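S.K.: predicted coordinates and the sequence they were generated for:
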Amino acid sequence: ANMLCVAAAGNASQDIKKTPTYPAAYDVDNIISVAAIDSTHALASFSNHSHKHVDLAAPGVSIFSTMPDDSYQYMSGTSMAAPYVAGVAALIWSYNTGSDAGEVKTSILENVHFNTKLKQTCATSGHLNAFDAFFASTYPCENLSKVFKNFEVNDIEMEGQDVWMATDRGLIAMSQNTCDYTLYTRNNSILPDNEVNRVVIGNSGKVYVGTSEGLVVIDGTSWTLLGANQIGLSNNNLNISALAVDENETVWIGTRTGELGKYENGSWTIFNGQNSPLGHYGILDIAVSLTGNIWIGTNGGGVVGYVNGAWTDFNHNYSNHGSGNYVRTYAYAPPYLRSSVVQSITFDLNGMMWIGTKEGFVYWTGGQSIAYYSRNIGIPKDDVRDIYFDKNDAIWIATAYGAVRYNGFGWTHYNTGNSDLHSN
């Protein structure tokens, strides 16, 4: 039957994954499980919760409610929160009578108001947003930026007109031609968790998805989940924070705890502190050079290279530091790094390496390096999160305080004040 059931999560202050409360804990497609929040948007002290089995939250403290004998009273409980969600579902259905239960549920859950106070307490990490849920269901293409504005996008990969986005709420597959998109979560796919860190498309067309609980490989309509046992990682090292695929479809994965996995010819090889310079620092990025060598950005250990089968590591402890407020060229190898926290590595069309760190970024030719940071080129802050080259070889720098573009002539800074960015 085409019915959507809105269930109160319960009022025992419990994680319903560990102590199930039904029907909220049922893992079925036509149930929305609702927790309660107070007037500060924090989880109510009595509310049950679960980042797996509770979908979202809604107001549930001191709600003016009907009572028997034509009276009213302020009430608290997840039974006060659930009707808000049911009402929004009815509103959406009244304007979109052809929608099925799954589409209405998707409109509500994909358009919550993201709330940091609700992280790890419900699957969406958000509370009900009636306007966005209704608007997205009624005008989906025109509202695309509004749909995604509360998503934390960790990675983007494009092939032709297909766009894949790794987000904190699942994996988004979207067509640039039609604006149609699908949000894959643990509820409608084999994703083990909604926290998706990386996405890469191989030459074969396979889509590789790094999540907080393993690797998912998408081959057309076939999905495969690889966990610790299949890959050979330590049981506590499932959180895949970096991912790369070379031209031969060799897959490289890195974890937040410093293990590196290599999949080639049907088998996995694991590198850690026992057989490589890795293992002491989390892996933040993996890049494949034009010559097929592997370069790894770490969280405190600088840059690690796997070059022609041999390991080398560079960090700021023995890089040349120099001084001054202008762009300086250093005829030294290893590259000049002002920080050993390397968050991004990429290569331009000439095969030269660009390294993004917590303190600016570095252009390295292998024999000399140029350091760029806020004082000498005007980027807003030195915290460089990602580096990308477009088809015209213009460089785009994603920082913690906006985006910067260099087209060969000058630097342009984009932020919430002069662009459509919803957040810096």
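M.R.: Done, it's in.

S.K.: check contacts around Lys206.
M.R.: 217-219, 249 (C-beta atoms under 8 Å, 6 or more residues apart in numbering). For every residue, glycine as well, the C-beta is placed using N, CA and C.

S.K.: could you export these as CSV, including distance to Tyr306 and pLDDT?
M.R.: CSV is the format used below for those (distance: C-beta to C-beta, whole Å; pLDDT from 0 to 100):
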residue, distance to Tyr306, pLDDT
Val217, 22, 96
Ile218, 26, 95
Asp219, 26, 94
Glu249, 17, 94
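
S.K.: of those residues, buried ones?
M.R.: 217-218 (16 or more other C-beta atoms under 10 Å).

S.K.: just flag the most distant two among the contacts of Lys206.
M.R.: For the contacts of Lys206, the farthest-apart pair by C-beta to C-beta is Ile218 and Glu249; their separation is 14.0 Å.

S.K.: got any ranges where this structure has weak pLDDT?
M.R.: 1, 138-149, 177, 235-237, 314-336, 366-367, 374-381, 391-393, 408-409, 418-424 (pLDDT under 70).

S.K.: and the helices in it?
M.R.: 78-95, 101-109, 130-138, 144-148, 228-231, 374-377 (DSSP state H).

S.K.: could you give the bridge partners of Phe347?
M.R.: Taking DSSP bridges, one finds Met353 as the beta-bridge partners of Phe347.

S.K.: mind listing what it touches?
M.R.: 287, 289-290, 353-354.

S.K.: could I get the contacts of Lys206 as a markdown table with distance to Trp268?
M.R.: Converted to a markdown table, these look like this (distance: C-beta to C-beta, whole Å):
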| residue | distance to Trp268 |
| --- | --- |
| Val217 | 13 |
| Ile218 | 19 |
| Asp219 | 18 |
| Glu249 | 14 |
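
S.K.: narrow the contacts of Phe347 to those that are buried.
M.R.: By 16+ other C-beta under 10 Å, the contacts of Phe347 give 287, 289, 353-354 as buried.

S.K.: of all those residues, which two lie farthest apart?
M.R.: Ser289 and Trp354 (11.6 Å).

S.K.: can you name the farthest residue from the center of the protein?
M.R.: Asp69 (50.8 Å; C-alpha atoms, centre = their mean).

S.K.: and Gln176, how many neighbours?
M.R.: Applying other C-beta atoms under 10 Å, we find 11 residues neighbouring Gln176.

S.K.: let me see the contact set for it.
M.R.: 161-163.

S.K.: TSV for these, including distance to Ala36?
M.R.: Output for the contacts of Gln176, formatted as TSV (distance: C-beta to C-beta, whole Å):
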residue	distance to Ala36
Gln161	42
Asp162	39
Val163	36
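
S.K.: of those residues, grab the buried ones for PyMOL.
M.R.: Under the burial definition 16+ other C-beta under 10 Å, those of the contacts of Gln176 that qualify are selected in PyMOL by:
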select buried, resi 163
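
S.K.: between the contacts of Gln176, which is nearest Lys119?
M.R.: Among the contacts of Gln176, and counting by C-beta to C-beta, the member closest to Lys119 is Val163, at 25.6 Å.

S.K.: verify the stated contact: that closest one with Leu171.
M.R.: No - taking C-beta atoms under 8 Å as the definition, Val163 is not a contact partner of Leu171, at 11.2 Å.

S.K.: quickly list what's touching both of the two.
M.R.: Common neighbours of Val163 and Leu171 (C-beta under 8 Å, 6+ apart) do not exist.

S.K.: which parts of stretch 274-293 are buried?
M.R.: 276-279, 281-289.

S.K.: farthest-separated two in those?
M.R.: The widest separation within the buried residues of stretch 274-293 (C-beta to C-beta) is 22.6 Å, between Gly279 and Ser289.

S.K.: let me see the contact set for Val6.
M.R.: Contacts of Val6 by C-beta under 8 Å, 6+ apart are 31-32, 34, 82-83, 85-86, 89.

S.K.: what of Trp354?
M.R.: 344-348, 361-364, 387, 395.

S.K.: same deal with Val196?
M.R.: Neighbour list for Val196: 154-155, 166-168, 170-171, 209-212 [criterion: C-beta under 8 Å, 6+ apart].

S.K.: redo that, cut-off 6 Å
M.R.: 166, 171, 211 (C-beta atoms under 6 Å, 6 or more residues apart in numbering).

S.K.: just the ones in strands from those, please.
M.R.: When DSSP state E defines the strands, the subset of these inside them is 166, 171, 211.

S.K.: closest one of those to Val245?
M.R.: Ala166 (14.4 Å).

S.K.: how near is that closest one to Arg256?
M.R.: 15 Å (C-beta to C-beta, to the nearest Å).

S.K.: more neighbours: those two, which one.
M.R.: Ala166 (23 against 18).

S.K.: doesn't Glu157 make contact with that one?
M.R.: No - checked against C-beta atoms under 6 Å, the pair Ala166 and Glu157 is beyond contact range at 8.1 Å.

S.K.: can you list residues touching both of these two?
M.R.: Common neighbours of Ala166 and Glu157 are listed as Val199 (criterion: C-beta under 6 Å, 6+ apart).

S.K.: need the nearest residue in space to Gln161, chain neighbours excluded.
M.R.: Gln176 (4.5 Å; C-beta to C-beta, 6 or more residues apart in numbering).

S.K.: meant to ask about Tyr184
M.R.: Leu171 (4.4 Å).
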